[in-house]
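> here is a sequence with its predicted model. Questions after.
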Number of protein chains: 2
Amino acid sequence: MSVLVVGSMAIDSVQTPFGSRPEALGGSATFFSMSASNLTSVRLVAVIGDDFPAEHVDMLTKRKIDLAGLQRVPGGKTFRWQGRYSENLNEAITLGTQLNVFADFRPTLPEHYRDSEYVFLANIHPVLQAEVLEQVRAPKLVALDTMNLWIDTEIEALKKVLRRVDMLLVNEGEARQLSGEYNIVKAARALMAMGPSRIVIKRGEYGALYFEGTHIFFAPAYPLESVFDPTGAGDTFAGGVVGHLARTGRLETADVQQAMVMGCVMGSFTVETFSVDRLMKVTPQEIRQRFGRFRGLTTFADLADDFE
Amino acid sequence: MSVLVVGSMAIDSVQTPFGSRPEALGGSATFFSMSASNLTSVRLVAVIGDDFPAEHVDMLTKRKIDLAGLQRVPGGKTFRWQGRYSENLNEAITLGTQLNVFADFRPTLPEHYRDSEYVFLANIHPVLQAEVLEQVRAPKLVALDTMNLWIDTEIEALKKVLRRVDMLLVNEGEARQLSGEYNIVKAARALMAMGPSRIVIKRGEYGALYFEGTHIFFAPAYPLESVFDPTGAGDTFAGGVVGHLARTGRLETADVQQAMVMGCVMGSFTVETFSVDRLMKVTPQEIRQRFGRFRGLTTFADLADDFE
């Protein structure tokens, strides 16, 4: 099954304690697509200016990423972000944002995208997220990401679109802010009451929690010796989750649990290098091998029968 | 196998967002013993004043906790700690500490303790920790906890005792401070170079990592809907880890992984109530059941054979 993603494409300038990379390929739709395209075909909707390097378009086209929904604004400039990470790498300090053509982005789906069954609404204005859903005929899974900005400024529009969402992916801080609950279990339950039956709470270097009914699953992040650049880790994770589900075509709890781990696997590759460098090169064998390492990280035997 | 623990017994006064409890039974040796005694017999070395309530001594005696090593100082007052937790419950704010009889504590092992094979040196002065080891004949596993105070003020004594330790249990901040490495994998490797071949790094509400050679295991904390009082969670965790190992009598990686989960199981009980209230009442059936919930929290299937 194809996955539809609507989000940003960007030119990032990133500084980390280990080096800096100007003019790097970035954006939520980019990281998501690069991740998910390791698992299934992807249909992308985003906007770029005519300053967007042709080499990036070529690279994406060579993968299973359909760019029919990529809008190019003549004379426009691509969305740009400049950020810096301090030693703990957990939070980016935004040094600058130029929305450019992204400011007037109105997502329009090519006709052949409209039958998409797996949809990821990356972090864009909730009204635009809703407009995308209007154009999709019968989605089987709608997953949505958002951010503190929309929770602060567009809460009603966000709540409205959430009623049509199956899976919400947010970080811990956003989960608390949106739910008004500090305790993460209570927060997840409050978020479910807003619509999505599946709640994914991302915990950065600690991994991610999945809530479905009363069931909880935890996928740890792999403790890496060198985390180089965390930019895009969240969208890469989402690409692994939704990409895996689209690939298998199943949405049972066990499938989502596997998908959560696949999200962590993809995220663990992304952070090893700047931009999508690692995602461009990763092989199915490497994905399988790292998936196995995650099993080694968390697998333990049940208690002996004589425990009493 | 019996476990030997040397540490503090205390009277705590605790304030949480959910209530307060004055004059609660506390201390590292107490929490460790109450946890480990659900799994095996315990030999305790600690010191109390004659203000220590007899009911607590009675309660400990009724469990499999040998108090032959409990020193009572006539006319002395028991170690006291007053603390408060804010909403996130991750860090205690110390409002007051009165070392009292603990200030002059010199651990002395009764003769029948000296053959103990499993030893837990709770967070006390590293010179005292070393003195305990002098008195143990042939330990199979020596586990040690410490804190920022000793890393700051007694680093040489700490490094000296670490050379005789098999398993170090520290939290993330202590691991970074002691190793001088921010990255947690590098920190663990640096700590191994100081002596202990087994490194446990506690991450509070996120769980704990175990490092042995190049192998890494992660035991998550169970996401609880109500965390009431985190006091003693670390020592309770240690009691589960060392208690489980002593119970099984094996130290293979797979055993330590199970033990790590048992530590998290015990920790999850402790935080449900003030003091050792929950640990006093927990049954083997409840322990087995919660261990099973941890398996549900982390178990996922391997990728299908056709993944490529």
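The structure has been received and is ready for your questions. Residues are numbered from 1 along each chain as shown, chains lettered A, B, ... in the order given.

> what stretches of the stretch 51-200 of chain A score poorly on pLDDT?
In the prediction, the stretch 51-200 of chain A carries no residues with pLDDT under 70.

> from it, which residue is nearest to chain B?
Distances between the stretch 51-200 of chain A and chain B by Cβ to the nearest Cβ are smallest at residue A:185, namely 4.3 Å. C-beta coordinates here come from the backbone N, C-alpha and C atoms, glycine included.

> isn't that residue right up against residue B:225?
Yes. Applying Cβ atoms under 8 Å as the test, residue A:185 and residue B:225 come out as touching, 4.3 Å apart.

> the two: which is more packed in?
residue A:185 (19 against 11; other Cβ atoms under 10 Å in any protein chain shown).

> give me the buried positions along the strand or helix carrying the more buried one.
Assigned by DSSP states H and E, residue A:185 belongs to helix A:184-193. By 16 or more other Cβ atoms under 10 Å in any protein chain shown, the buried positions in helix A:184-193 come out as A:184, A:185, A:187, A:188, A:189, A:190, A:191, A:192.

> from the centroid of chain A, which residue is nearest?
Closest residue to the average C-alpha location of chain A: residue A:235 at 2.3 Å, with Cα atoms, centre = their mean.

> so what's the nearest residue to that residue once chain neighbours are set aside scoring on pLDDT?
With sequence-adjacent residues excluded and distances taken as Cβ to Cβ, 6 or more residues apart in numbering or on different chains, residue A:235 is closest to residue A:31, at 3.8 Å. Residue A:31 carries a pLDDT score of 98 in this model.

> other SSEs contacting the helix or strand in which residue A:31 is found?
Secondary structure assignment for residue A:31, by DSSP H and E: helix A:28-36. Judged by 3 or more Cβ pairs under 8 Å, 6 or more residues apart in numbering or on different chains; DSSP states H and E, helix A:28-36 is in contact with strand A:3-6, strand A:42-49, helix A:54-62, helix A:233-248, helix A:253-270, helix A:277-281.

> just the angle for that helix relative to helix A:54-62, thanks.
40 degrees (axes from the mean of the first three to the mean of the last three Cα atoms, to 10 degrees).

> hmm, residue A:60 is touching residue A:66, no?
No. In this structure residue A:60 lies outside contact range of residue A:66 using Cβ under 8 Å: 9.4 Å.

> more neighbours: which of the two?
Shown here are residue A:60 and residue A:66; by other Cβ under 10 Å, residue A:60 has more neighbours (24 against 21).

> ok, now which ones touch the residue nearest to that one when sequence neighbours are not counted?
Leaving aside its sequence neighbours, residue A:60 sits nearest to residue A:67 (Cβ to Cβ, 6+ apart; 6.2 Å). Shown in contact with residue A:67 (Cβ atoms under 8 Å, 6 or more residues apart in numbering or on different chains): A:44, A:57, A:60, A:61.

> which parts of the stretch 1-150 of chain A sit against chain B?
When proximity is defined as Cβ under 8 Å from any Cβ of the partner chain, the stretch 1-150 of chain A approaches chain B at A:87, A:88.

> where do the helices sit along the stretch 1-150 of chain A?
A:28-36, A:54-62, A:126-135, A:148-153 (DSSP state H, counting those that start in this stretch).

> buried set for the longest one?
Residues of helix A:126-135 classed as buried: A:126, A:128, A:129, A:130, A:131, A:132, A:133, A:135 (neighbour count, 16+ other Cβ under 10 Å).

> next, the residue nearest to the fourth one when sequence neighbours are not counted: secondary structure please.
The reference is to residue A:130. Nearest non-adjacent residue to residue A:130, counting by Cβ to Cβ, 6+ apart: residue A:161, 4.4 Å away. What DSSP: H, G, I helix; E, B strand; the rest coil gives for residue A:161 is helix.

> related to what we said a few turns ago, wouldn't the residue nearest to residue A:235 be in contact with residue A:271 here?
No. In this structure residue A:31 lies outside contact range of residue A:271 using Cβ under 8 Å: 11.0 Å.

> so between those two, which is more surrounded?
Using other Cβ under 10 Å, the more surrounded residue of residue A:31 and residue A:271 is residue A:31, with 32 against 22.

> so who does that one touch?
By Cβ under 8 Å, 6+ apart, residue A:31 lies in contact with A:232, A:235, A:236, A:239, A:270, A:276, A:279.

> of those - the most surrounded one?
residue A:239 leads the contacts of residue A:31 on contacts (other Cβ under 10 Å) with 35 neighbours.

> confidence score at the closest residue to it other than its chain neighbours?
Spatially, and ignoring its direct neighbours in sequence, residue A:239 is nearest to residue A:35 (2.8 Å; Cβ to Cβ, 6+ apart). On the pLDDT scale, residue A:35 is placed at 98.

> so what's the residue count around residue A:35?
That count, for residue A:35 with other Cβ under 10 Å as the rule, works out to 33.

> that one and residue A:258, how far apart?
According to Cβ to Cβ, to the nearest Å, residue A:35 and residue A:258 sit 15 Å apart.

> show me what from the stretch 201-308 of chain A comes close to chain B.
By Cβ under 8 Å from any Cβ, the part of the stretch 201-308 of chain A that sits against chain B consists of A:203, A:206-207, A:209, A:215-220, A:223-227, A:254, A:257-258, A:260-261, A:284, A:287-288, A:291-292, A:295-303, A:307-308.

> sort out for me which of those residues are in helices.
Of these, the ones assigned to helices by DSSP state H are A:254, A:257-258, A:260-261, A:284, A:287-288, A:291-292, A:295-298.

> can you put those residues in JSON lines and add neighbour count and pLDDT?
Below are these laid out as JSON lines (neighbours: other Cβ atoms under 10 Å in any protein chain shown; pLDDT from 0 to 100):
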{"residue": "A:254", "neighbour count": "12", "pLDDT": "96"}
{"residue": "A:257", "neighbour count": "22", "pLDDT": "97"}
{"residue": "A:258", "neighbour count": "24", "pLDDT": "97"}
{"residue": "A:260", "neighbour count": "24", "pLDDT": "98"}
{"residue": "A:261", "neighbour count": "29", "pLDDT": "98"}
{"residue": "A:284", "neighbour count": "12", "pLDDT": "95"}
{"residue": "A:287", "neighbour count": "20", "pLDDT": "97"}
{"residue": "A:288", "neighbour count": "15", "pLDDT": "96"}
{"residue": "A:291", "neighbour count": "19", "pLDDT": "97"}
{"residue": "A:292", "neighbour count": "13", "pLDDT": "95"}
{"residue": "A:295", "neighbour count": "16", "pLDDT": "95"}
{"residue": "A:296", "neighbour count": "12", "pLDDT": "94"}
{"residue": "A:297", "neighbour count": "24", "pLDDT": "95"}
{"residue": "A:298", "neighbour count": "22", "pLDDT": "95"}
